[in-house]
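K.L.:
could you work out the structure for the sequence below:
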Amino acid sequence: MSGTEESREIVKKLNERGEGVLTTVATDYGYEIYEKIGLGHLCRQGRLDERGLSKLIHDNKVEVLIDATHPYATQASLNAIKASEEGGIKYIRFQRPTSVTNTSGRDETCIENKLFVHIVKSMDEAIEWCGRSDRKKILLTTGFSAVEKFVKLKDKKEIYVRILPMSTHIEQCTRMGIKPSNILALQGPFSLELNKAIFKQYGIDVVITKDSGKIGGVPEKIQAAKAMGIDIVVIKREEIDYPVKCSSIDEVFCMLGMEAV
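P.N.:
Residues are numbered from 1 along each chain as shown. Just a heads-up that it's a prediction; the model follows:
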């Protein structure tokens, strides 16, 4: 189950080894990426609930399910765990390491050289924090799905969104009341310098991000916020009790009984 840069690397390496491999993606955009790297024939596009996933496992005689979906695709992972159990197959979770750690279990603020990192447990808590803050210009870097929730603040705050360059998402943002001038339709990764330039250009004073790890560009966002002296709100990942969890591609291959790549 694909949804990250690492998942494509796993699929590519399995295919190069001659292993029978099939991958799924939720969006057309995800499928296009597989087509661009010449692996479109291995990819199935479409969101799968538990029943749909179970059928795919049965119809394709799947023996191992590797869940390499995005760290915040919680429901997809829960579906994968249940479908694997029902199908009696091995489940392996690939999970990116976090970038920010909060062991207190509550909103935690770290202050260093005018840097404010606010760690919250959910999207709703991030919205609440922004609502009570005196910060006026908010940049969402949490993906399109978060826009619908944050638009409730658009009469009090100026909302900027950084999303993938997908026409349907851009159109939906404008329908929800996000000004076209406030939509940054860009494909990452974003360097430290590019983040700083964006924050400066639009006068951003608070950035909202998920803790999607190093490959998700979180360290660069935090460093840029620090350099610009602005706030950053980090939404923690929901904790799931994965049956098996790996934090590197090498670990995944070891779990498969193959030599580390």
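
K.L.:
mind checking how far Ile249 is from Ala83?
P.N.:
23 Å (Cβ to Cβ, to the nearest Å). Every residue, glycine included, has its C-beta placed from N, CA and C.

K.L.:
which one's more surrounded, those two?
P.N.:
Neighbour tally, Ile249 and Ala83, criterion other Cβ atoms under 10 Å: the higher count belongs to Ala83, 25 against 17.

K.L.:
what sits against the more buried one?
P.N.:
For Ala83, the contact set (Cβ atoms under 8 Å, 6 or more residues apart in numbering) comprises Glu50, Leu53, Ser54, Ile57, Leu65.

K.L.:
strands - which of the residues you listed land there?
P.N.:
Taking DSSP state E, the ones among those that sit in strands are Leu65.

K.L.:
how many neighbours does the nearest residue to Gly40 once chain neighbours are set aside have?
P.N.:
Using Cβ to Cβ, 6 or more residues apart in numbering and skipping residues adjacent in sequence, the residue nearest Gly40 is Tyr34, 5.0 Å away. Residues within reach of Tyr34, counting by other Cβ under 10 Å, total 21.

K.L.:
next, give phi and psi for Tyr34.
P.N.:
Phi and psi for Tyr34, reported as degrees, to the nearest 10, are phi -70, psi -40.

K.L.:
for the nearest residue to Arg135 once chain neighbours are set aside, give its distance to Met228.
P.N.:
Closest residue to Arg135 apart from its sequence neighbours, by Cβ to Cβ, 6+ apart: Val206 at 4.1 Å. From Val206 over to Met228 the distance is 11 Å, taken as Cβ to Cβ.

K.L.:
quick one, which of those two is more surrounded?
P.N.:
Val206 (23 against 18).

K.L.:
partner residues bridging the more buried one?
P.N.:
Beta-bridge pairing for Val206 (DSSP bridges): Ile138, Asp231.

K.L.:
where exactly do the strands run in the protein?
P.N.:
Under DSSP E, the chain gives strands at 23-25, 43-45, 64-67, 90-94, 108-112, 115-120, 137-140, 158-163, 183-185, 206-210, 231-235, 245-246.

K.L.:
nice, that's everything, thank you.
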